[in-house]
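Chemist: just coords:
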């Protein structure tokens, strides 16, 4: 049972890193960035490039993946979202724009690396096993869990305790009032996309390390899950997205443990059914609240 709980926490940590970035853009700009799975995939491939080309250790490769995908997020905003913001386009236009951009990038990556699974260089990832009682735990996944918790704690501190974080929160509350109060809106938006994409990218790199297998479409299955946990946690609530991610992770592992082998394909149905029940009880999500309409 300890090993299953450990697996659930690991899966939830990956979901949380991915979903927090997804939720951050929505909470600030009220748009769904459907290109977010692309930064998840790019983070894994940036790490692969750094490790295979320059021989960097996995830790340094993950840092570079965070920075590179963060910069890509700013580029994504300039290409797919900023022109639409200037024209006052509806949110649906931004969704379509980001989806089209995502498809282009994925196809380019498939041309470069092919659609099949790719592994990291042999011997580049640690294979240590930690024995805790009767449980044998992969040390790499333990490190990933700890790193995910540290990153989410750092994001909480940044948003609540720094001037730039307060600017981002002011922008999320009311863009017009934020401008009148002297907030540098362009810098706040760029920072939002940098952090959002950086978290998505490092989540992809960490998942790639854990499974030692990456491919250009690897982010697509996580998009629906990220949207689901964001809704369940409360639209626009970063703590809610984290809580929803761990609930989903626990639900998926519980389905694997308790369902018969011939019903394993119902894992997602059981997990999402659990989240559905949460929404029936709390329609605004676990940590959601009524948000005043923007002026």
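Modeler: Right, received. Where do you want to start? As the structure is a prediction and not an experimental result, all values here were calculated from the model. Residues are numbered from 1 along each chain as shown.

Chemist: how deep is the nearest residue to residue 246 once chain neighbours are set aside tucked in, by neighbour count?
Modeler: Of all residues not flanking residue 246 in the chain, residue 12 sits nearest, at 3.7 Å (CB to CB, 6 or more residues apart in numbering). (Each C-beta comes from the backbone N, C-alpha and C, glycine too.) For residue 12, the count of nearby residues is 26 (other CB atoms under 10 Å).

Chemist: Quick one: low-confidence residue ranges for the chain.
Modeler: For the chain, the stretches with pLDDT under 70 are 1, 261-265, 267-268, 270-271, 289-295.

Chemist: give me that answer again for 50
Modeler: Scanning the chain for pLDDT under 50 picks out the ranges 290-295.

Chemist: Let me know the secondary structure of residue 130.
Modeler: Three-state assignment for residue 130 (DSSP: H, G, I helix; E, B strand; the rest coil): strand.

Chemist: Specify the beta-bridge partners of it.
Modeler: When assigned by DSSP bridges, residue 130 has beta-bridge partners residue 137.

Chemist: Grab the nearest non-local neighbour of residue 10.
Modeler: Spatial nearest neighbour of residue 10, chain neighbours left out: residue 141 (4.8 Å); criterion: CB to CB, 6+ apart.

Chemist: Tell me who's in contact with the one you found.
Modeler: By CB atoms under 8 Å, 6 or more residues apart in numbering, the contact set of residue 141 is 6, 10, 210.

Chemist: Restricted to strands, list these.
Modeler: If you go by DSSP state E, the contacts of residue 141 have nothing in strands.

Chemist: Could you identify which of those has the most neighbours?
Modeler: Neighbour count (other CB under 10 Å) singles out residue 10 as the most crowded of the contacts of residue 141, with 23 neighbours.

Chemist: Could you verify my assumption that it touches residue 145?
Modeler: Yes. Counting by CB atoms under 8 Å, residue 10 touches residue 145, with 5.6 Å between them.

Chemist: Check the gap between residue 193 and residue 54 for me.
Modeler: Residue 193 sits 26 Å away from residue 54, taking CB to CB, to the nearest Å as the criterion.

Chemist: Do a quick rundown of the strands in the protein.
Modeler: Applying DSSP E to the chain gives strands spanning 129-132, 135-138.

Chemist: Just send those strands back as JSON lines, with distance to residue 266 and mean neighbour count too.
Modeler: What follows is those, written out as JSON lines (distance: least, CB to CB, whole Å; neighbours: other CB atoms under 10 Å):
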{"stretch": "strand 129-132", "distance to residue 266": "31", "mean neighbour count": "10"}
{"stretch": "strand 135-138", "distance to residue 266": "26", "mean neighbour count": "15"}
